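Q: would you be able to build a 3D model of this:
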Amino acid sequence: MEVPFHSEQKTIFAAWQQLPSSQITIAMASLGFSWIVVDLEHSSISINEAELIFIAAERHNCKPFVRLPSADPYLARRLLDIGAVGIIIPVVEARDVFDEFAQHCFFPPKGKRGVGLVRANNWGTHFEKYFYDFNPIIIAQIETLKGEKNITSILQSPFINGIMIGPYDLSADLQIPGKFDDPKFCSICDNIFKETRKHNKLIGYHQVNPNNEELKMKISIGYDFIVYSTDIIAMRHGLQGIKV
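A: So this is what the prediction gives:
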């Protein structure tokens, strides 16, 4: 799979799904998002529900991504088998741990992903094409000081396509939870951005607050992809102000 880089096209926008409903997926994907990211870390979504979400996203030409709860290689294999095209790994702090996980996402000889007749290869109908042509987009989420400290090493991994900044966990690790305008937080994000750019990898940010001015600022900075809000936060934002 070709990975779109910022130098070749405009910012990629992704939606973030935490509610276990394919109707939610359709509602978001039909707005033109390029990716739907299914959050398996902070939601009750099951693998079966994730598969239905993937199918709904595909029908609207929206790429199904998943954010894992941890660097679990066998869970990643199962999600790729049911159709995930991108994997986001939380709390990446060291290249060796990342590489050990990521090689399970690629078929031999590059990696050691298991081979099966599954939905991703149409149960064998597209076996050779999928085996030889498909490569998942692998995104490392940097959300701790340790991860930021080791960013250069992490970016040298042969498996990595990009970095996503996780602002809430990163700010919490800095002991300033939610203070995204704090100079220390901004400096860390700037370093992650610049180092990722040096390695010609995708750099992304999860902007949880659905605020257009903040979004414009992130676009002007030059992020390759921006995950915008979450389904439940967007819904609450739309309903706020109602007097009950």
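Q: switch to C-alpha atoms for all contacts and neighbour counts from now on
A: Fine.
Q: can you give me the helices for this structure?
A: In the chain, the helices defined using DSSP state H lie at 22-29, 47-58, 73-81, 95-102, 127-133, 145-149, 151-155, 167-173, 183-198, 212-221, 231-239.
Q: can you put those in JSON lines and add distance to Ala14, mean neighbour count and mean pLDDT?
A: Converted to JSON lines, these look like this (distance: least, Cα to Cα, whole Å; neighbours: other Cα atoms under 10 Å; pLDDT from 0 to 100):
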{"stretch": "helix 22-29", "distance to Ala14": "9", "mean neighbour count": "19", "mean pLDDT": "97"}
{"stretch": "helix 47-58", "distance to Ala14": "12", "mean neighbour count": "20", "mean pLDDT": "98"}
{"stretch": "helix 73-81", "distance to Ala14": "18", "mean neighbour count": "19", "mean pLDDT": "98"}
{"stretch": "helix 95-102", "distance to Ala14": "22", "mean neighbour count": "17", "mean pLDDT": "98"}
{"stretch": "helix 127-133", "distance to Ala14": "24", "mean neighbour count": "13", "mean pLDDT": "98"}
{"stretch": "helix 145-149", "distance to Ala14": "23", "mean neighbour count": "18", "mean pLDDT": "98"}
{"stretch": "helix 151-155", "distance to Ala14": "22", "mean neighbour count": "20", "mean pLDDT": "98"}
{"stretch": "helix 167-173", "distance to Ala14": "16", "mean neighbour count": "20", "mean pLDDT": "98"}
{"stretch": "helix 183-198", "distance to Ala14": "18", "mean neighbour count": "16", "mean pLDDT": "98"}
{"stretch": "helix 212-221", "distance to Ala14": "12", "mean neighbour count": "12", "mean pLDDT": "95"}
{"stretch": "helix 231-239", "distance to Ala14": "11", "mean neighbour count": "14", "mean pLDDT": "95"}
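Q: right, and the ones you listed - which one's nearest Leu117?
A: Set against Leu117 and scored by Cα to Cα, the helices of the chain come closest in helix 127-133, at 7.4 Å.
Q: put the alpha carbons of that closest one into PDB.
A: The C-alpha coordinates for helix 127-133 follow below in PDB (Å, rounded to 0.1, in the frame of the first residue of the first chain):
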ATOM      1  CA  PHE A 127      -4.200 -14.600  -2.000                       C
ATOM      2  CA  GLU A 128      -1.100 -13.800  -4.100                       C
ATOM      3  CA  LYS A 129      -2.000 -10.100  -4.600                       C
ATOM      4  CA  TYR A 130      -2.500  -9.600  -0.900                       C
ATOM      5  CA  PHE A 131       0.500 -11.600   0.100                       C
ATOM      6  CA  TYR A 132       2.900  -9.800  -2.200                       C
ATOM      7  CA  ASP A 133       1.400  -6.300  -2.500                       C
END
